[in-house]
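Asks: just coords:
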């Protein structure tokens, strides 16, 4: 089958310039339905900036983003979520003073359709929709093995489970494509092993996954294809084994200088 | 228990409904028993009024995270609208009060729109400025508002031929009804898509945006609803005291309202009632030292901020969240 027709996400010549800084420069990639695709690169390479453009936080300077065959350039984050793309965050951004189920319900915001009058008078429409959404939220949590946390506040959960709640919230948006921004960050080897299995199970459930990751073990084990970005430019793409032996990638990662692991990605 | 009961209206369990009916009946009969002096009835009315105002601010500050220290400005808009409409047209209170709510809501939109990109202390300063602007307009637009002389002998509301007074406890009943309605509205907003959108903005507005919440639109909705409720409170108050001048709703009132919200608990509906009971009854209980009441307010707030910044009933609850009937949580 032709890969282009399968592409759920097709990014062409994506660029963003902040003043003189080319944070992302002419990056193209595509993600096919059902794939697990990774974007890797050293800190500050522009990976999160790519995510921010995909989700509508930043407007690209040049380039096009096609999602499900439609150009999403210039859409608001709300419209992009509605179109079926949702993300998680590098540093967990759950709503700390809302219950876990409320976090998941918030993910359903754009597909919960009742108006102010319905909610004030608790019309049949409100009761039906609200009940249906609450049940769906509980079921999503159960699907991720989180149902025991329904009434809890996310800040009280173990780190790995907080990440899963973020994923639950993303799934709740009805997204078909889920962007995971460094899901293994801060996880110990067992947790990241568990995450690997979990991401695979998501893909087998019909979700398409695009992830940014630093954990090479995870990336090499899970990805169908890998894109490598350095200094805002795509320097390599291919199957995991090709990337592992790619000279440019090795230079970018190991380089002439020692890489500063502590450096916070500004993008 | 009396404080929390209005919320249980939504629980269909017959036992709780019975308890609520009894509580309401007691509350309504109480002023008629002669056990309460008009003085006490007046204080209860003020507690009820301030509960309503605190709920209104709680929606904006506690649930949406937008701190306003100019909330009395919305009361003033509602109060002036109602009083002047009565003065110029003689329309009954119900009509002028609704007009007060609408105008206050519009003013809420007018304040919210230009400040929607502000957050934290910048927004708070803007609300402070708003309160002062309302006061200055009331003071200087003499031909319309009466300027420093204000509006006098404002007519009391009349329902079915009965004029509400403090002596027939009419104002007390009216305030209880209004507060109950406001509580129901706020509760229903909080436990809906809208309330969740408000709270998500409070907790993390960027994450809210990326989950599909139109943050600006929901901030404006919060402003409009909060302002309209405050306007209703103002429209009630001016017909209660029958006098209104630019100082009726000054900065002190804004501070009392925000103090009630913070003391009772930001993001807690029962907290707004508890805060109102404590802060409104304190100056009466400590009448011998009433000039010091602001020192006591200050002291309480300092101690609260130090030891329980989320307020008495604020913060994370250990109780399960009430879900819609019939939602299966798999035993959790």
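Replies: That came through, no problem. Owing to the predicted nature of the structure, the values given are computational and were not obtained by experimental measurement.

Asks: tell me which element residue A:236 is part of?
Replies: strand A:233-238 (DSSP states H and E).

Asks: Residues touching stretch B:217-229, excluding its own?
Replies: B:52-53, B:55-57, B:59-60, B:63-64, B:66, B:68, B:71, B:74, B:77-78, B:101-102, B:104-109, B:111-113, B:116, B:182, B:185-186, B:189, B:194, B:197-198, B:201 (C-beta atoms under 8 Å, 6 or more residues apart in numbering or on different chains). Where C-beta positions appear, they are placed from N, C-alpha and C, glycine not excepted.

Asks: residues contacting residue A:25?
Replies: Residues near residue A:25 by C-beta under 8 Å, 6+ apart: A:15, A:231, A:232, A:233.

Asks: Mind doing that once more with 6 Å?
Replies: Counting by C-beta atoms under 6 Å, 6 or more residues apart in numbering or on different chains, residue A:25 touches A:15, A:232, A:233.

Asks: which of these has the most neighbours?
Replies: Among these, residue A:232 has the most neighbours (other C-beta atoms under 10 Å in any protein chain shown), with 24 neighbours.

Asks: Wait, that one touches residue A:26, no?
Replies: No. Contact criterion C-beta atoms under 6 Å: residue A:232 and residue A:26 do not qualify, at 8.6 Å.

Asks: which stretches of chain B form strands?
Replies: Using DSSP state E, the strands of chain B run over B:151-152, B:158-159, B:162-163, B:243-244.

Asks: ok, residues contacting the last one?
Replies: So the one you mean is strand B:243-244. So strand B:243-244 is contacted by B:79, B:83, B:150, B:151, B:152, B:238 (C-beta under 6 Å, 6+ apart).

Asks: and if you look at stretch A:59-71?
Replies: A:9-17, A:53, A:72-73, A:83, A:85.

Asks: What distance separates the opening and closing residues of it?
Replies: 13 Å (C-alpha to C-alpha, to the nearest Å).

Asks: what comes up buried for it?
Replies: A:60, A:63, A:65, A:66, A:67 (16 or more other C-beta atoms under 10 Å in any protein chain shown).

Asks: do the same with stretch B:17-24
Replies: Neighbour-count burial for stretch B:17-24, counted by 16+ other C-beta under 10 Å, picks out B:20, B:23, B:24.

Asks: Domain boundaries for chain B, per the record?
Replies: Domain assignment for chain B, taken from automatic domain parsing, gives B:1-34, B:36-252.

Asks: Run through chain A and note the low-pLDDT ranges.
Replies: A:1-5, A:255-267 (pLDDT under 70).

Asks: Can you pull the residues of it lying near chain B?
Replies: Counting by C-beta under 6 Å from any C-beta of the partner chain, chain A comes close to chain B at A:55, A:77-78, A:81, A:93, A:95-99, A:102, A:105-107, A:109-110, A:112, A:119-120, A:130-131, A:134-135, A:138, A:147-148, A:150-151, A:153.

Asks: Just the buried ones from those residues?
Replies: Burial by neighbour count, 16+ other C-beta under 10 Å: within these this picks out A:55, A:77-78, A:81, A:93, A:95-99, A:102, A:105-107, A:109-110, A:112, A:119, A:130, A:134-135, A:138, A:147-148, A:150-151, A:153.

Asks: returning to what we had before: I would like the residues contacting whichever helix or strand comes after the strand holding residue A:236, please.
Replies: Per DSSP H and E, the first helix or strand lying C-terminal to strand A:233-238 is helix A:240-245. Helix A:240-245 has contacts (C-beta under 6 Å, 6+ apart) with A:220, A:223, A:226, A:249.

Asks: rerun that using 10 Å as the cut-off
Replies: A:38, A:40, A:216, A:219-228, A:236-238, A:249-250 (C-beta atoms under 10 Å, 6 or more residues apart in numbering or on different chains).

Asks: Just those: which are in helices?
Replies: Per DSSP state H, helices hold the following members of these: A:216, A:219, A:220, A:221, A:222, A:249, A:250.

Asks: Can I get those in CSV including neighbour count and distance to residue B:167?
Replies: What follows is those, written out as CSV (neighbours: other C-beta atoms under 10 Å in any protein chain shown; distance: C-beta to C-beta, whole Å):
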residue, neighbour count, distance to residue B:167
A:216, 14, 81
A:219, 22, 78
A:220, 16, 83
A:221, 14, 81
A:222, 22, 77
A:249, 20, 86
A:250, 13, 89
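
Asks: tell me the centre residue of the chain?
Replies: All of this refers to chain A. residue A:179 (1.5 Å; C-alpha atoms, centre = their mean).

Asks: other chain: chain B
Replies: Centre-nearest of chain B using C-alpha atoms, centre = their mean is residue B:53, 1.4 Å out.

Asks: list the contacts for that residue?
Replies: B:71-72, B:74-75, B:179, B:182, B:226, B:229-230, B:232-234, B:236-237, B:253-254, B:256-257, B:260-261, B:272, B:276.

Asks: near chain A, which residues of the stretch 151-300 of chain B?
Replies: Residues of the stretch 151-300 of chain B lying close to chain A by C-beta under 10 Å from any C-beta of the partner chain are B:184-185, B:188-189, B:191-197, B:199-204, B:206-215, B:217-218, B:221, B:225, B:266-267.

Asks: Give me the below-cutoff pLDDT ranges for the stretch 1-150 of chain B.
Replies: B:1-14.

Asks: Please, where are all the helices along the stretch 101-250 of chain B?
Replies: With DSSP state H, counting those that start in this stretch as the criterion, the stretch 101-250 of chain B has helices at B:120-140, B:142-145, B:170-190, B:193-203, B:205-210, B:215-241.

Asks: Could you list the buried residues of the second one?
Replies: Of the residues in helix B:142-145, those buried by neighbour count under the rule 16+ other C-beta under 10 Å are residue B:145.

Asks: what's it in contact with?
Replies: Outside of helix B:142-145, the residues within contact range by C-beta under 10 Å, 6+ apart are B:76, B:80, B:83-84, B:87-88, B:137-139, B:148-149, B:151, B:244-246.

Asks: Out of those, give me the one that has the most neighbours.
Replies: residue B:76 (32 neighbours).

Asks: How much space separates the closest residue to that one other than its chain neighbours from residue B:85?
Replies: Spatial nearest neighbour of residue B:76, excluding adjacent residues (C-beta to C-beta, 6 or more residues apart in numbering or on different chains): residue B:249 at 3.9 Å. Using C-beta to C-beta, to the nearest Å, residue B:249 is found at 17 Å from residue B:85.
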